[in-house]
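[1] starting from these lines, generate the structure:
(one chain, ligands or ions: 1)
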Amino acid sequence: MKHAVTKYTWGPEADFLVIGSGIAGLRAALELCEHGRVLIVTKGSRFQSNSMYAQGGVAVALNAEDNVNLHFSDTIKAGHQLGREDAARVLVEEGPTRIQELIAWGTEFDKVGGQFVFAREGAHSRSRVLRARGDATGHEMIRVLLERARQRSTIQWFDRHFTKDLLVADGRCYGAVVVNEITGAVQILPSAGVLLTTGGVGQIYARTTNTENATGDGMAMAYRAGAILEDMEFVQFHPTALYLPSSPPFLLSEAMRGEGGVLRNRKGEMFLSRYHPAAEMAPRDSVARAIWAEMASSRSRHVYLDVTHLGKAFIRNRFPTIYRTCLRFDIDITEEWIPVSPSAHYVMGGIKAGIDGETSLAGLFAAGEVACNGVHGANRLASNSLLEGLVFGCRAAKSAASLPAGSKPAHLKSLAARFVTGPVSTLDDGEKLRNSLRRLMWEKVGLVRTGDSLVQALAQLSRWDTQIQGSLHARADLEVKNMIQVARCITEAALGREHSLGAHYREDFPSCKGSVWKTHSQIRLSAPLTFPSTTRRQAG
Ligand code: SIN
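    Got it, this is the predicted structure:
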């Protein structure tokens, strides 16, 4: 059957394409712009990344009582020993340099008496979390990076452009196909080096702390292009998101427990010490599951976070954004317990990447949440993600910059045509499909999974996937397609991993089966899920 070719034009030719404008993308662009012309492509506006809303802070071993070895062992321990040690070493050792650099560029982390203050958070053995304006750390870091990027003449922006697909042939990436969100115009952006920094997938769950942008676009397009995705079953649920019928699941930073806040069940009892010896300071996966269990046993939809004993002035000053936001929903957190429940927050898996951001496709690099270099293992240590974006964004950029000068393939035109072929179509009821998907994932592939729930979810996801035909052009439709594909990858990987580890909890396989299972799952288009280098013997 002959298909029509969508009308398209060629966009500006850049030496480097950075897709995504969160912390990893901006840091990468600032490195790349020293080596050539950079085009940053972002859906929506450059001010809407998840990084912008990060509250708690950035973990870094800069406190006098701390050192990189302690940060390293906390990272590996929180990740249940699944984390790749080379990646964790890079993170903790290069972290201090990246943060000092950001401070030199104008980032204002909070100080008391002229000294930086370091907060303590769950699973950290030392106080090591820097923050800005109390609970607006991401905003402050992004402010400085955006301002610096604005001053660089070799950085150009394509805001409100949705990246539809990567331009890939014979295992190499040559650029991307984008759609203008306002006009619908399709453009081909050729580039020798493409860096994906599109963030996470939180929106595939009915309850998430993520912004509306987190629809897994980068992972889905890399998957369609043939790249390997890794460890997709590991989705982190933040223990404490606001639970009110009238509000979105707004994040209530772990730093609140770090400062002395406590969790209480429906009867007002503190309960975490019954689940983990570190109680309020336990790792995120344990706290989230303890809340889940407490909610189930008391048939309640939430538990409470109590910070009332910390004092009015302290709370208002330390958590101004959280204080104001809760007040808008009629909760004065200085006087009332806050209803909270877990919400999807972060995916440890993603596009398989090395410590220099290299992926399984030549010319394609990935950094930040979209990537999986294994640094977080089975459960990310609190406040390691902003640091990850900075460190690995910078490293991926350095390796992309060292690519040999790209020679355009002779067949670029016919390659481009291949990616814009097919009848243009729209989803019949995309909004309904999106909501059904989010509910399905929440109910069947959430904090607690079983083989049965995963099989049911996979069957439904496959049906939806095959229903999507033709070439979609509207951003909302393209997002739904990406969400379904990423949800399928997560579900397949969760089904394949028949034990519980870190954030992946199987009710039918509640224990961890020992080191033979401590390996990384890999999934790619048209190939079965694998656990390379594992002998799948039943242990433990
Ligand atoms: C928080 O402040 O609790 C979230 C920060 C993070 O995800 O590391």
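
[2] interface residues of this protein facing the ligand?
    54-56, 253-255, 382-383, 385 (C-beta under 6 Å from any ligand atom). For every residue, glycine as well, the C-beta is placed using N, CA and C.

[3] right, and out of these, which lies closest to the ligand?
    G56 (2.3 Å; C-beta to the nearest ligand atom).

[4] so where is this structure shaky, pLDDT-wise?
    Along the chain, segments meeting pLDDT under 70 span 1-5, 405-410, 514-516, 533-540.

[5] in it, which spans are helices?
    Secondary structure of the chain (DSSP state H): helices located at 23-32, 68-78, 85-104, 137-150, 217-224, 255-258, 284-297, 312-318, 320-328, 385-401, 412-419, 430-444, 451-467, 475-496.

[6] tell me which of these is the most buried.
    helix 23-32 (a mean of 29; mean count of other C-beta atoms under 10 Å).

[7] can you list the residues that contact that one?
    Helix 23-32 is contacted from outside by 15-16, 18-19, 38, 40, 42, 49, 51, 98, 138, 141-142, 145-146, 148-149, 152, 155, 193, 195, 197, 367-370, 386, 388-390, 392-394, 396-398, 400-401, using C-beta atoms under 8 Å, 6 or more residues apart in numbering.

[8] okay, the angle between that helix and helix 137-150?
    Relative orientation of helix 23-32 versus helix 137-150 (axes from the mean of the first three to the mean of the last three C-alpha atoms, to 10 degrees): 30 degrees.

[9] can you show me the CA trace of helix 23-32 as CSV?
    Listed next in CSV are the C-alpha coordinates belonging to helix 23-32 (Å, rounded to 0.1, in the frame of the first residue of the first chain):
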residue,chain,number,x,y,z
ILE,A,23,18.8,20.0,34.7
ALA,A,24,20.6,17.4,32.6
GLY,A,25,19.7,19.0,29.3
LEU,A,26,20.7,22.5,30.4
ARG,A,27,24.0,21.4,31.9
ALA,A,28,24.7,19.4,28.8
ALA,A,29,23.9,22.3,26.5
LEU,A,30,26.3,24.6,28.4
GLU,A,31,29.1,22.1,27.8
LEU,A,32,28.2,21.5,24.2
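
[10] and it with helix 85-104, angle?
    Using the same axes, to 10 degrees: helix 23-32 against helix 85-104 is 70 degrees.

[11] R318: which of the residues of the chain next to the ligand is nearest?
    Checking the residues of the chain next to the ligand against R318 with C-beta to C-beta, the nearest one is A255 at 8.0 Å.

[12] re the thing from before, can you pick out the most distant pair from the residues of the chain next to the ligand?
    Maximum distance among the residues of the chain next to the ligand (C-beta to C-beta): 14.1 Å, for A255 and S385.

[13] one step back: can you put the helices of the chain in JSON lines and add distance to H276?
    Shown next, in JSON lines, are these (distance: least, C-beta to C-beta, whole Å):
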{"stretch": "helix 23-32", "distance to H276": "30"}
{"stretch": "helix 68-78", "distance to H276": "12"}
{"stretch": "helix 85-104", "distance to H276": "22"}
{"stretch": "helix 137-150", "distance to H276": "26"}
{"stretch": "helix 217-224", "distance to H276": "31"}
{"stretch": "helix 255-258", "distance to H276": "12"}
{"stretch": "helix 284-297", "distance to H276": "5"}
{"stretch": "helix 312-318", "distance to H276": "25"}
{"stretch": "helix 320-328", "distance to H276": "24"}
{"stretch": "helix 385-401", "distance to H276": "22"}
{"stretch": "helix 412-419", "distance to H276": "49"}
{"stretch": "helix 430-444", "distance to H276": "24"}
{"stretch": "helix 451-467", "distance to H276": "25"}
{"stretch": "helix 475-496", "distance to H276": "23"}
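
[14] out of those, nearest to A241?
    So among the helices of the chain, helix 284-297 is nearest, using C-beta to C-beta, at 10.1 Å.
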